[in-house]
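Q: A structural model of the following input is requested.
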Amino acid sequence: MGFARFLAVRNCRRNFSRTVALGVVTAMLSLTLFGGSLVVLSLQNGLTRFQARLGADVLVLPKDAQADGGLEGVLVQGRPLHFYMDASRLAALSLLPGVASAAPQFFLTSANAGCCSVAVQLIGFDPATDFTIQPWIRESYADDVGDGDIVVGSGISVPEDKTLKFYNTPCRVVARLSPTGTGMDTAVYMNMTTIRAMMRRAAELDFAAFQGIEPEQAISAVLIRTAPDFSPEAVAEAIGAAYPDLSAKPAHGMVRSVEAGLGGVTGTVGVLLFFVWLLCVGLLALAFQMVFSERRREFAVLLISGARRSMLTRIALIEALIIASFGAAGGVFAGAFVLLPFAALLKDSFARPYLLPDASNIALLAAGALGVAVLSAALAALWTVRRMDVMLREDM
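A: Down below sits the predicted model:
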């Protein structure tokens, strides 16, 4: 075995250009396997986290808000939006049969101007009734979010003085939330008193979008938890019948909509992975066949010198493993270098929840891609060795 390893290493060094060419094919295979698997897992991870963070059974918005993408546009795609309905609808909706609890949210968009530190989605919640945002905040901040306090998503940069300004209203950043892979990561959260004060200040600054709206009498959305004996579909249908100017939808409908789009992406990636695997294995098999065909005389001399056919098999397989190991490692490294730093760009391009897995799962993906690439190269080499053995028998 030692002599076979010596010859294999020597052949790889002596034919460096051939070694590099075969390594590049293996690198393409491992890069595609690792990158594709990472994308699929990140999409699935983002959907799971989004579903957990949504926390409501029924979502109620003004009917005209759906034209702009509604909550999916705000929460999934991170599009800054604002729309309003009369705050009295909260009390009315709370009294409907099947409504166990209802919590309002208030949306405001900051401006790309000197009065605001950054242009983002601002989301106000009522600490007394909220059941969606506060459990998330509790993971990183145990105190109450007071007046003038804000909590930022993981995608927002916080200055050293922990102060951000919106419509000339300075706010203290008290916590940063854990990532979700959705538009919620680029939003800023605060209580109703703070966000309504901002809206009044925006109107004073002559922003046309906020003129004529009384902040104390407005809300943007109502999130509902249904009673145990009521289905979200039935409650949403009852709200739609009672209030034609509102749009009520079961929350899982939005999740299913996101999941349907996700299925198309993951299905395409899966098909691509399969065909790239077939292509790379075929290229490796063809390349090994061409290489070993050129070395028929070399192997024949070894046989005449007393070497066993099993030694030739070991030499070929060791060469394939050496080349595949270095090539696959390079492909995984290249995939990590390209995909990990640009996760935010990928999330924007997919317009779907996209959340990278933790380091341990990424390491497992890398090891799996490396193993599959090396095994595929070994199988391609083994198939070629079998054919070479037949050719050598004919020569002898």
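Q: please count neighbours and contacts with C-alpha atoms only from this point.
A: Noted.
Q: Ser140: what's it in contact with?
A: Taking CA atoms under 8 Å, 6 or more residues apart in numbering, we find Ser140 in contact with Ala175, Arg176, Leu177, Ser178.
Q: now do the helices in the stretch 201-350 of the chain.
A: Secondary structure of the stretch 201-350 of the chain, counting by DSSP state H, counting those that start in this stretch: helices at 232-242, 251-294, 296-304, 309-339, 343-350.
Q: now the shortest one: average pLDDT?
A: Right, helix 343-350. Averaged across helix 343-350, pLDDT comes to 71.
Q: same check on the third one?
A: Here the mean pLDDT over helix 296-304 is 60, rounded to a whole number.
Q: how about stretch 53-62?
A: For stretch 53-62, mean pLDDT rounds to 83.
Q: check the offset of that stretch from the chain's centre.
A: Mean-position distance between stretch 53-62 and its chain equals 22 Å (CA atoms, centre = their mean, to the nearest Å).
Q: run through who's touching it.
A: Contact with stretch 53-62 is made by 70, 83-85, 131-133, 136, 220-226, 232, 235-236, 245-252, as judged by CA under 8 Å, 6+ apart.
Q: quick one: which of the residues you listed sit in strands?
A: Among these, the members falling in strands are Met85, Ala221, Val222, Leu223, Ile224, Arg225, Thr226, Leu246, Ser247, Ala248, Lys249, Pro250 (criterion: DSSP state E).
Q: would TSV of those with neighbour count and pLDDT be doable?
A: Below are the ones in strands among the contacts of stretch 53-62 laid out as TSV (neighbours: other CA atoms under 10 Å; pLDDT from 0 to 100):
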residue	neighbour count	pLDDT
Met85	21	92
Ala221	27	92
Val222	24	93
Leu223	24	92
Ile224	30	93
Arg225	22	91
Thr226	22	92
Leu246	20	92
Ser247	21	89
Ala248	27	89
Lys249	21	87
Pro250	20	85
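Q: just give the nearest non-adjacent residue to Thr163, would you?
A: Arg172 (4.8 Å; CA to CA, 6 or more residues apart in numbering).
Q: before we move on, the earlier item: right, and out of the contacts of Ser140, which lies closest to Val24?
A: Using CA to CA, Ser178 comes nearest to Val24 of the contacts of Ser140, at 38.2 Å.
Q: for this protein, which spans come out with low pLDDT?
A: Applying pLDDT under 70 to the chain flags residues 1-15, 51-52, 54, 66-78, 252-266, 291-313, 347-352, 385-396.
Q: what's the longest strand in it?
A: Across the chain, the longest stretch assigned as strand under DSSP E is strand 99-109.
Q: and it, what does it pack onto?
A: Contacts defined by 3 or more CA pairs under 8 Å, 6 or more residues apart in numbering; DSSP states H and E place strand 99-109 against helix 88-94, strand 121-125, helix 192-204, strand 218-219, strand 221-226.
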